[in-house]
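>>> A structural model of the following input is requested.
(3 chains)
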Amino acid sequence: MKNALYVLVQLFVILLLAPLVNGIIKKIKAFSQKRRGAPVLQMYFDLWKLFRKQAVVSETSSWIFKAAPYIVFSTAIIAALLVPVSTLLTPNAFFGDVILLVSLFALGRFFMTLAALDTGGTFGGMGSSREVMISSLIEPSLLVSVFTIGLISKSTTILAMMNTTKNITFPLAQPAFIMVFLALFTIIIAETSRIPVDDPETHLELTMVHEAMILEYSGRHLALIELGAVVKQLVFITLLVNIFIPHDQLIALAGVSGLLLSLLIYVVKVILIAVLMAIAEISTVKLRLFSVPNLAALSFILAFLGFLQYFVLWR
Amino acid sequence: MDNFLDALSVLILFSSFVLVANKRAKSYIKTFRMQSALIALATGIMGIESFFADGHIDILIVCVLIIALKVIYIPNLLNKTLANVEYKVEKDFFYNIPLLIFICCSITAFCYTCILTIHGINTDVLNMQVVNSIALILIGLFFMISRKKIIGQMVGFLVIENGLFVAAIFSTHGMPFIVDLGIFIDLITAIMIMGIMAFKINEKFDSIDINKLKNLRG
Amino acid sequence: MEFLLPAIPAMTALLFILLRGKRLLHTISIISSILLAVVGCFITKDIISLGIIESSVLGGLFYIDSLSIITLDVVIVIALITSIYTIGYLEEELKHGKITLERLKVYYILMYTFIFTIVLALTAKNMGIMWIAIEATTLASAFLVGFYNDKHSIEAAWKYVIICSIGIAIALLGIILMHLSSAGVIESSHLLEWKTLYNNAQALNSPTLRLAFIFILIGFGTKAGLAPLHTWLPDAHSQAPSPISALLSGVLLNTAIYGIIRAVAIVNKNLGSNTFTGGLLIGFGLLSILTAALFILTQKDYKRMLAYSSIEHMGIITLAIGFFTPLSVFGGLLHMINHSFTKSMLFLSSGNILQKYNTKEISKIKGLLKVLPVTGVVFLLGLFAIAGTPPFSVFASEYSIIASIFEKSSFILGAVFILLLAIVFAGIALTMFRIFYGSNASKDVTPGETNKAGVAAILVLLVIIMVSGLYLPTQIKDLIENAQKIIIGG
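Numbering: from 1, shown residues only, chains lettered A, B, ... in the order given. Coordinates of the predicted model:
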């Protein structure tokens, strides 16, 4: 019973909130460019439109092209189940941990790159190779960050991590945590293809990474891929927000009202991080592709310094 | 509060990595400014603490001095020197940046293992923050040797002095006040002298590439 | 009385900024160095009777004991002789149009600022103030090294500033660590004072102190010219004007060794034995002598050869201090004094040679004894002296050091030391043959000494080193013994 409730609430919140985050970021970027920009709820309308359109599939592609959107979407949804939006509502047993999370996203990315190669167009191949390069550079940083938090909380289950930081007053003031927070922030920017790693609104071949891979998709396939991408973004943000800025220890109510309050505060936190991401996007430029290793190295250093601080101060 | 200072000290160490990752002279002067601002913040916090505890205002005066000198005056001086001396934008470092960052990372790890594995070390005083500062000093030294331009050497020297100051302030709340004052005077004089020499080298050698200074050998 | 010591050079430098006219500048320079010498004499007499002079000005100044006064006296004497020599040297440079009157003024201002910072370093009570003064010596002498503003001088000056500033920064880290090791042991009004640190040495935290010593050794060792941190020294000492080279070699290197000695005293008292510091110091010392020996064999520039010889002698002093027996420390301190006098004499005479022949290359110096009779003889005798020939003073101090090594039965160390000294002797002898046994001079060098007063000053130095090789007045001997007792701990 509790498990079913957990799955329902989790999916409902995440699927509903994910396109909103994108909308907020786009709106802030528009404001900074002195435009009015699209409405914040635009992505909901876009997805609704795309689901009703016909999907055009190239004749020279194989089953991978048709299967990839579903795989991307389903891995994103399963990953969403692994990161609780509120620690007040948890299932009886968790079957997966942070390593499963990383692998699920890797699976989705793998099929995405294959599908982009599948159509035989040059844009797809180019996007795939760039995407694989960027993700392989970001991977060490991601692993060191999550392992550091895992070592601090003595478990790799995300719920255990969230519960551990609930007991620390103001976790962001600890040196290990602030370093891992900054590292994860940089990783989110890289994984969700935002400036400075990749421009999500570009249509120039020189600058496309993620866009190049989804260039051939249309209709419900495109809708699934876009939804999968925003769900992935929200899952990472939830990971960041619930571990480093825990709020559940402040809630004194119990039962449904407590849960609702917790979800409300969660939504506020997510919007805050979205604003932060938007500010990061508007204050830098997109890096040249061969300068991305520099950013990846800095992100790795952040994670490594966090690990060193844990290693010395915590044992 | 102590944890807050710990976090600040590791952020200062991270800013030195950002410094190594910068490719152009103007951007590392900016990063140096940011690093000095972080140090001024840490000194300000300690100054306010000590003011409420004992009523000493030395550390606050030192904080004001840091802001006046290292955040405002010295970066402006460096920018002016750069404007007069550099007219070609060319590659400034010998190896590529991820390799440099990796070397700095191993320097930091080396520092940590060396200092924290000495038997009987007094970890109240020689704590994490001092080790971060020593790593900062070594990274400043590495920055100096990995850059080809004279401005790089000047900024590296300033980072070393930053590291020394952070080591002093975090462990024992500063050296005696007169010593701090003297160190600042020395620092300003040294930077002015290096600036003047950069002009002269540019005049005589027509570039600020250090590899050209190879006439005296043996 | 003791505040006059730094005050005189400081005020002289200020006066130089305000006045003009070269006769006035020369006169003020002579008067102030004579005044400094007189004050030095009085303070030496005070130290011989009282033992220590201590006062607290600005929280960090004026602690003079036997060790300080020995180093300080050498500074004062060499400053006096150099200022006498400088007058003739600068006049000659003005005559040949190499410098202008403005540059002469700048020279004097910088020279007296330099002397001021050295005196400050040697009379500081607080190790932080000593550090500040030593850093200030680098900055004051930077433009002196690059005085002639040509390509080589600017390169030498840049290397000097950068390498010495980094070295000194590392020494500051060592001083900070020393400060940390005394946390909780010393009350805050006496922080970082040498005397208090020395008295409470056993209560300091040993591992931190050992770490501090390593940084201080490397930092001040850079300033002292120990290999492998010596790379700035040949360039700086050969490109600077000759009287400044004399000051740099004879006085500044001593000040850096003084800093190391102060640290060694504290660390050895804390650790109880000298195995830790001794190993490091002997290693650096031997490496310096070896480097100097190898480079002296292949030198083509006589000022650079003299600079490498400075590196060698600093290596000898470090080795003597590292060995840490009463006789070896006595020998080391005596060697500091003897080397200063001999080396300044050599650099000043080389200044005469440079002005006459206008070249720094050994192969171009021909017929020296006919062109410059007095300077030539002094230079020849000086080269013998610096290579360690009796009856000069350098031989006496080297002999004491060798005797102390063999007294402790370290035969291998002694043998290696003697071998390296022999290699250096061979290198210097080679140079001597090249200078003094060549063909006759060409027609465009007019024979005759140009700097009469300077030559007189050099002769004074020659007499000092000849006499002190055979006889050391008891008071000076007592002073050096007191200094050695301070270092070893009685």
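>>> Show me which positions of the helix or strand harbouring residue C:461 end up buried.
Using DSSP states H and E, residue C:461 sits within helix C:452-470. Residues C:454, C:455, C:457, C:458, C:461, C:462, C:464, C:465, C:468, C:469 are the ones in helix C:452-470 that count as buried (16 or more other CB atoms under 10 Å in any protein chain shown). Heads up, the C-betas are built off the backbone N, CA and C, glycines and all.
>>> ok, for the first one, nearest residue in space, not its chain neighbours?
Nearest non-adjacent residue to residue C:454, counting by CB to CB, 6 or more residues apart in numbering or on different chains: residue C:85, 3.8 Å away.
>>> Compute the distance between that neighbour and residue C:483, please.
From residue C:85 across to residue C:483, the span is 28 Å (CB to CB, to the nearest Å).
>>> where does the chain have low pLDDT?
Here I'm looking at chain A. Scanning chain A for pLDDT under 70 picks out the ranges A:314-315.
>>> My question was about chain C, not that one.
C:57-60, C:188-189, C:438-444, C:490.
>>> if you set the cut-off to 50 instead, what comes out?
Under the criterion pLDDT under 50, no range of chain C is flagged.
>>> can you pull out the strands in it?
Taking DSSP state E, the strands of chain C run over residues C:53-57, C:61-64.
>>> Mind checking if the helix or strand residue B:39 falls within is in reach of chain A?
Counting by DSSP H and E, the element that carries residue B:39 is helix B:25-54. No - shown here: helix B:25-54 not in contact with chain A (CB under 8 Å from any CB of the partner chain), separated by at least 11.7 Å.
>>> if we can go back for a sec, check the gap between the residue nearest to residue C:454 and residue C:241 for me.
11 Å.
>>> Could you tell me which residues touch both of these two?
residue C:351 (CB atoms under 8 Å, 6 or more residues apart in numbering or on different chains).
>>> These two - which one has more neighbours?
Neighbour totals were compared for residue C:85 and residue C:241, and residue C:85 leads with 27 against 24 (other CB atoms under 10 Å in any protein chain shown).
>>> sorry, back to before: now tabulate the strands of chain C in a markdown table and tack on distance to chain B and mean neighbour count.
Listed next are these as a markdown table, based on distance: least, CB to the nearest CB, whole Å; neighbours: other CB atoms under 10 Å in any protein chain shown:
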| stretch | distance to chain B | mean neighbour count |
| --- | --- | --- |
| strand C:53-57 | 11 | 14 |
| strand C:61-64 | 10 | 21 |
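>>> Same list (these) but as CSV, adding distance to residue B:185.
Formatted as CSV, these follow (distance: least, CB to CB, whole Å):
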stretch, distance to residue B:185
strand C:53-57, 17
strand C:61-64, 16
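>>> check which helix or strand covers the residue positioned nearest the centre of chain A.
By CA atoms, centre = their mean, the mean C-alpha position of chain A lies nearest to residue A:233, the distance being 2.5 Å. Per DSSP H and E: residue A:233 is located in helix A:219-244.
>>> Can you list the buried residues in the following helix or strand past that helix?
Next helix or strand after helix A:219-244 toward the C-terminus (DSSP H and E): helix A:255-283. Residues A:258-259, A:261-263, A:265-266, A:269-270, A:273-274, A:277-278, A:280-281 are the ones in helix A:255-283 that count as buried (16+ other CB under 10 Å).
>>> re earlier: surely the residue nearest to residue C:454 is in contact with residue C:457?
Yes - if you go by CB atoms under 8 Å, residue C:85 and residue C:457 touch, sitting 5.0 Å apart.
>>> Return every residue with contacts to both of these two.
Common contacts of residue C:85 and residue C:457 (CB under 8 Å, 6+ apart): residue C:348.
>>> count of residues packed around the residue in the stretch 201-315 of chain A positioned nearest to chain B?
When scored by CB to the nearest CB, the stretch 201-315 of chain A has residue A:297 as its residue closest to chain B, at 4.2 Å. Residues near residue A:297, counting by other CB under 10 Å, number 25.
>>> still on that earlier bit, residue contacts, the residue nearest to residue C:454?
C:243, C:246, C:348, C:351, C:451, C:453, C:454, C:457, C:458.
>>> and what of residue B:63?
Residue B:63 neighbours (CB under 8 Å, 6+ apart): B:40, B:43, B:44, B:47.
>>> Which residue, other than its chain neighbours, is closest to the residue nearest the centre of chain B?
Against the mean C-alpha coordinate of chain B, by CA atoms, centre = their mean, the closest residue is residue B:159 at 1.3 Å. In space, and not counting its chain neighbours, residue B:159 is closest to residue B:140: 3.4 Å by CB to CB, 6+ apart.
>>> any idea how far chain A is from the one you found?
Look at residue B:140 and chain A: by CB to the nearest CB, to the nearest Å, they are 16 Å apart.
>>> Who are the contact partners of residue C:261?
C:67, C:321, C:487.
>>> Return the subset of these lying in helices.
Cross-referencing the contacts of residue C:261 against helices under DSSP state H gives C:67, C:321, C:487.
>>> just curious, which of these is nearest to residue A:9?
Nearest to residue A:9 among the ones in helices among the contacts of residue C:261 is residue C:321, at 76.3 Å by CB to CB.
>>> re earlier: kindly present the contacts of residue B:63 as TSV, with separate columns for neighbour count, distance to chain C and pLDDT.
Output for those, formatted as TSV (neighbours: other CB atoms under 10 Å in any protein chain shown; distance: CB to the nearest CB, whole Å; pLDDT from 0 to 100):
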residue	neighbour count	distance to chain C	pLDDT
B:40	21	19	93
B:43	25	15	90
B:44	17	21	90
B:47	23	17	87
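>>> which one of the residues you listed is nearest residue C:115?
Nearest to residue C:115 among these, with distances taken as CB to CB, is residue B:43, at 35.2 Å.
>>> my guess is that closest one contacts residue B:64, does it?
No - assessed by CB under 8 Å, residue B:43 is found out of contact with residue B:64, at 9.2 Å.
>>> Now residue C:324: closest residue in space that isn't a chain neighbour?
Nearest one to residue C:324, counting by CB to CB, 6+ apart, is residue C:274 at 4.1 Å.
>>> From residue C:198, how far off is that neighbour?
15 Å.
>>> So what's the residue count around residue A:34?
Counted by other CB under 10 Å, the residues lying close to residue A:34 total 7.
>>> so which strand or helix has it?
Applying DSSP H and E, one finds residue A:34 in no helix or strand.
>>> Look up how far residue A:170 lies from the residue nearest to residue A:174 when sequence neighbours are not counted.
Excluding the flanking residues, the one nearest residue A:174 by CB to CB, 6+ apart is residue B:3, at 5.5 Å. Separation of residue B:3 from residue A:170 (CB to CB): 8 Å.
>>> do residue B:211 as well
Residue B:211 is 49 Å from residue A:170, by CB to CB.
>>> Please say which of the two ends up with more neighbours.
Neighbours were counted for residue B:211 and for residue A:170 using other CB under 10 Å; residue A:170 has more, 11 against 8.
>>> So what does that one have for phi and psi?
With angles defined as degrees, to the nearest 10, residue A:170 sits at phi 50, psi 70.
>>> Which strand or helix spans whichever residue of chain A sits closest to chain C?
For chain A, the residue closest to chain C is residue A:312, as judged by CB to the nearest CB, at 16.8 Å. Per DSSP H and E: residue A:312 is located in helix A:292-313.
>>> From the chain's centre, how far out is that helix? Work that out for me.
When distances are taken as CA atoms, centre = their mean, to the nearest Å, helix A:292-313 is centred 20 Å away from the chain's centroid.
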